[in-house]
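>>> The amino acid sequence is not available; the structure is as follows:
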């Protein structure tokens, strides 16, 4: 039975809506002259890797480092996009691939459980460290972005 306060709060919602999951294949072009896209506008990703806001913050940090006030904005934006493209595309793919990790059924669930049971804490960390352990936020952080973390 739901507690009275919880029932009262639920009754207040008259326009409940489901969240829309936004996903698309990575794109090559985030810039147009003096306009640049950041965060979800440039690289929307599913929530399964919990990286959408993190990637937007990484965008901001790198763009702030590149935009030192001495270069033409179009060039700065082009460099920014080139630096971020492979990393954000890899995180987009990892988020999409994580659907298989979090929502399998039957034999796929058993295979997932075997995979996770076989990982030590260090092994699990190694699979996702490329998303969490970098400090450069660019595609040049020496990670092989073609590998999938759960393959």
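Right, received. Where do you want to start? All of these numbers come straight from a predicted model, not from anything done at the bench. Numbers count the residues shown, from 1 in each chain.
>>> and the host helix or strand of residue 109, how far out from the chain's middle?
In the assignment (DSSP states H and E), residue 109 maps to helix 106-117. Offset of helix 106-117 from its chain centre (Cα atoms, centre = their mean, to the nearest Å): 24 Å.
>>> got it, and stretch 97-114?
20 Å.
>>> show me where the chain has helices.
Using DSSP state H, the helices of the chain run over 4-12, 39-42, 52-66, 73-102, 106-117, 121-132.
>>> Give me the contacts around the second one.
For helix 39-42, contacts defined as Cβ atoms under 8 Å, 6 or more residues apart in numbering pick out 22, 27, 30, 36, 52, 53, 55, 56, 59, 81, 84, 88. (Glycine included, C-beta is placed from N, CA and C.)
>>> which parts of it are buried?
39, 42 (16 or more other Cβ atoms under 10 Å).
>>> Same check on the longest one?
By neighbour count with 16+ other Cβ under 10 Å, helix 73-102 contains the buried residues 76-81, 83-98, 100-101.
>>> Stretch 13-27 too?
residue 26.
>>> Between the two ends of it, how far is it?
Counting by Cα to Cα, to the nearest Å, you get 37 Å between the two ends of stretch 13-27.
>>> Nearest the geometric middle of this structure, what residue?
By Cα atoms, centre = their mean, the chain has its centre lying nearest to residue 51, at 3.5 Å.
>>> Need the per-residue pLDDT for that one.
The score at residue 51 is 92. That number is its pLDDT.
>>> How far away from the center of its chain is stretch 72-86?
Using Cα atoms, centre = their mean, the offset of stretch 72-86 from its chain centre is 19 Å.
>>> Stretch 20-40 too?
Taking mean C-alpha positions (Cα atoms, centre = their mean), stretch 20-40 and its chain are 13 Å apart.
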